[in-house]
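>>> 3D model of this:
(2 chains)
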Amino acid sequence: MFRMFKDFFHKMASPRYFYDISGNMIPWLAAGCLALFLAGLYYGLVKAPPDYQQGDSYRIMFIHVPAAWMSMFIYVVMATAGAIGLIWHIKLAEVMAISSATIGAWFTFLALVTGSIWGKPMWGTWWVWDARLTSELILLFLYLGVIALYNAIDDKRTAARAVAILALVGVVNIPIIHYSVEWWNTLHQGPTVTKLDKPSIHLSMLIPLLLMALAFKLYYAFVVLMRARCEVLERERHTGWVRELAEKK
Amino acid sequence: MTLNEFLHMGGYAFYVWSSYGLAMIVLLLNVILPLRQRKKLLNDIARTARRARRNTT
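Below you'll find the predicted structure:
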């Protein structure tokens, strides 16, 4: 039994096998993502009623909140993959870690900018140096640091190790972001969905929010695979199967 | 709800549509970039392989 699992993981971790399997998965994930997006946009922009305090401006939430969730989720995935690469020297884990970094950085950027655009009409300012906003900005710098460090080291395996350590140290920022609205007085509102008792958001707004969140998850899944496949090709460019593949095109 | 009302977003049109527009740009960009990178990479690898073969024969 254990042997079977071991064989399975070894096979999955082989770059060539990964390249083939992920190529088959991407179209399905992309189609699911698109369907969820369209449903989320419809329910979020058309069906959901205006908020009694914020009017229609609250609709920015359907982009802002899923993007912010993803920025933290991807960071944890990246650090975990990095740790797996460090401990078990699995090349594919290194590839997943670095492929996640760029997408994570983009989601963090999106969360910050849409938050800023939302803040202007609601708080009267584009930016304040409060705990939630500042810790999210630090997250962006952590992502950029990871990407810069990876590109600064020529040997990809050494680079992956260095990046994994940086990513793991940066994990400390994740609970800070999450609890910042409780630990400090901030302009940013507290959590409304992840509270332990009933979420204080109406179902007509919760549905599009969850649809968009799921769409963003699937989006990350297929885009990270696309990036990982490029990284695999780059790393394996001198092997027979990659050359054969390239010449067939 | 008329189309005009929809586009007007209760007076928040600029904020709402710039957020959604930016999101669409970011999401599309992150699909297009890896697609282009893969194509470029495969062409590059094929070229190197052909050159290597020519030099040995």
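>>> what's the neighbour count on residue 23?
In the absence of a named chain, chain A is used. By other C-beta atoms under 10 Å in any protein chain shown, 12 other residues sit near A:Gly23. For the C-beta atoms, the positions are set from N, CA and C on the backbone; glycine is no exception.
>>> should've been chain B
21.
>>> contacting residues for it?
A:63, A:67, A:110, A:114 (C-beta atoms under 8 Å, 6 or more residues apart in numbering or on different chains).
>>> for chain B, see how far away A:Tyr58 is.
To chain B, A:Tyr58 is 9 Å away according to C-beta to the nearest C-beta, to the nearest Å.
>>> excluding chain neighbours, what is closest to that residue?
A:Asp51 (4.1 Å; C-beta to C-beta, 6 or more residues apart in numbering or on different chains).
>>> what pairs with that neighbour across the strands?
With DSSP bridges applied, A:Asp51 shows beta-bridge pairing to A:Gly55.
>>> number of residues surrounding it?
Neighbours of A:Asp51 using other C-beta under 10 Å come to 15.
>>> report pLDDT for it.
On the pLDDT scale, A:Asp51 is placed at 87.
>>> what's the answer for A:Gly23, then?
93.
>>> next one: it from A:Gly32, what distance?
16 Å (C-beta to C-beta, to the nearest Å).
>>> how about A:Asn24?
14 Å.
>>> do the same with A:Ser100
19 Å.
>>> neighbour count: these two, which is higher?
Each of A:Ser100 and A:Gly32 has its neighbours counted (other C-beta under 10 Å); A:Ser100 has more, 28 against 17.
>>> hmm, the more buried one is touching A:Ser71, no?
No - counting by C-beta atoms under 8 Å, A:Ser100 stays clear of A:Ser71, with 11.1 Å between them.
>>> so what sits against both of the two?
Contacts common to A:Ser100 and A:Ser71, judged by C-beta under 8 Å, 6+ apart, are absent.
>>> what sits against the residue nearest to the spatial centre of chain A?
In chain A, the C-alpha nearest the mean C-alpha coordinate belongs to A:Ile74, at 3.3 Å (C-alpha atoms, centre = their mean). Contact partners of A:Ile74, counting by C-beta under 8 Å, 6+ apart, are A:100, A:103-104, A:107, A:220.
>>> hang on, it in a strand?
No - A:Ile74: not assigned to a strand; according to DSSP: H, G, I helix; E, B strand; the rest coil it is helix.
>>> distance check, it against chain B.
Applying C-beta to the nearest C-beta to A:Ile74 and chain B gives a distance of 12 Å.
>>> contact partners for A:Trp106?
Per C-beta under 8 Å, 6+ apart, neighbours of A:Trp106: B:26, B:29-30.
>>> try 7 Å this time
B:26, B:30 (C-beta atoms under 7 Å, 6 or more residues apart in numbering or on different chains).
>>> what's the spacing between the helix or strand hosting it and its chain's center?
Element membership of A:Trp106 [criterion: DSSP states H and E] is helix A:91-123. Distance, stretch centre to chain centre, for helix A:91-123: 7 Å (C-alpha atoms, centre = their mean, to the nearest Å).
>>> go through that helix and flag the buried ones.
A:91-119, A:121-122 (16 or more other C-beta atoms under 10 Å in any protein chain shown).
>>> re the thing from before, now for the contacts of A:Ile74: which two are most distant?
Using C-beta to C-beta, the contacts of A:Ile74 reach their maximum pairwise distance at A:Ser100 and A:Phe107, which is 10.2 Å.
>>> isn't A:Arg229 up against A:Tyr19?
Yes - A:Arg229 is in contact with A:Tyr19 according to C-beta atoms under 7 Å; the separation is 5.8 Å.
>>> so which residues on chain A come close to chain B?
Counting by C-beta under 7 Å from any C-beta of the partner chain, chain A comes close to chain B at A:50, A:55-57, A:59-60, A:63, A:103, A:106, A:110, A:113-114, A:117-118, A:120-121, A:219, A:223, A:226-227, A:229-230, A:233-234, A:237, A:242-243, A:246-247, A:249.
>>> quick one: buried ones out of those residues?
A:55-57, A:59-60, A:63, A:103, A:106, A:110, A:113-114, A:117-118, A:121, A:219, A:223, A:226-227, A:229-230, A:233-234, A:237, A:242-243, A:246.
>>> and A:Ala159, how far is that from A:Val146?
From A:Ala159 to A:Val146 the distance is 10 Å (C-beta to C-beta).
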